[in-house]
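**Q** output the structure for:
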Amino acid sequence: MEENKLISEVGRVIILKQSSKEIMNKLLDTEYIDAKLKELSYEHTSHTVVLKYGDPAGNKKDYQVIFKDCFSASFNTWLEGMSGTVPEKPDNNFFLHNIEIEDIEVNGIQLYKCSLTIPMMDCQVTCVSIEINYPN
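**A** Reported below is the predicted structural model:
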């Protein structure tokens, strides 16, 4: 049985929101662990974070996760092991290690709190919805 939550009812249309557990199960199916990070960006005009990842060798099509209607997004590059001048652009590739999503409520609004662990970087996103796009 799905763990959808009733978000609103307008006339005869009922809008259901997937639980964080359902989204996590779908993400696990994408085999994101150790996948190469190909894009991680924030679009301030649409309040959207885009995460794109795939096969390190580039042989498979990429997955794309879109975090929509974001209330907050933070990206932190680790300085661990760096000395001297911090490079403008890291030379190393980044690989996803963990994604955690939990359901939270802020001022009566149902949100997702997402934590991404990408060694040498971490990311926190709080958003209204999450869309997973699978390769064709």
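**Q** contacting residues around the longest strand anywhere in the chain?
**A** In the chain, taking DSSP state E as the definition, the longest strand is strand 63-77. Strand 63-77 is contacted from outside by 27, 30, 32, 35, 39-40, 42, 46-54, 90, 106, 111-112, 114, 120-135, using C-beta atoms under 8 Å, 6 or more residues apart in numbering. All C-beta spots, glycine's among them, are computed from the backbone N, C-alpha and C.
**Q** can you check stretch 127-136 too?
**A** 17-18, 23, 26-27, 30, 49, 54, 60-71, 101, 109-112, 114.
**Q** repeat the analysis, applying 6 Å as the threshold.
**A** For stretch 127-136, the surrounding residues in contact (C-beta atoms under 6 Å, 6 or more residues apart in numbering) are 23, 26, 61, 64-70, 112.
**Q** what comes up buried for it?
**A** Neighbour-count burial for stretch 127-136 flags 127-130 (criterion: 16 or more other C-beta atoms under 10 Å).
**Q** could you check how far it is from the centre of its chain?
**A** From the chain centre to the centre of stretch 127-136 is a distance of 9 Å (C-alpha atoms, centre = their mean, to the nearest Å).
**Q** rewinding a little: now which of the contacts of strand 63-77 would you call buried?
**A** So, by 16+ other C-beta under 10 Å, the buried ones in the contacts of strand 63-77 are 27, 30, 32, 35, 40, 42, 47-54, 111-112, 114, 120, 122-123, 125-130.
**Q** hang on, the earlier thing: so which of the contacts of strand 63-77 are in helices?
**A** Leu27 (DSSP state H).
**Q** beta partners for the closest residue to Glu105 other than its chain neighbours?
**A** Once flanking residues are discounted, Glu105 sits nearest to Leu111: 7.0 Å by C-beta to C-beta, 6 or more residues apart in numbering. For Leu111, the beta-bridge partners under DSSP bridges are Ile104.
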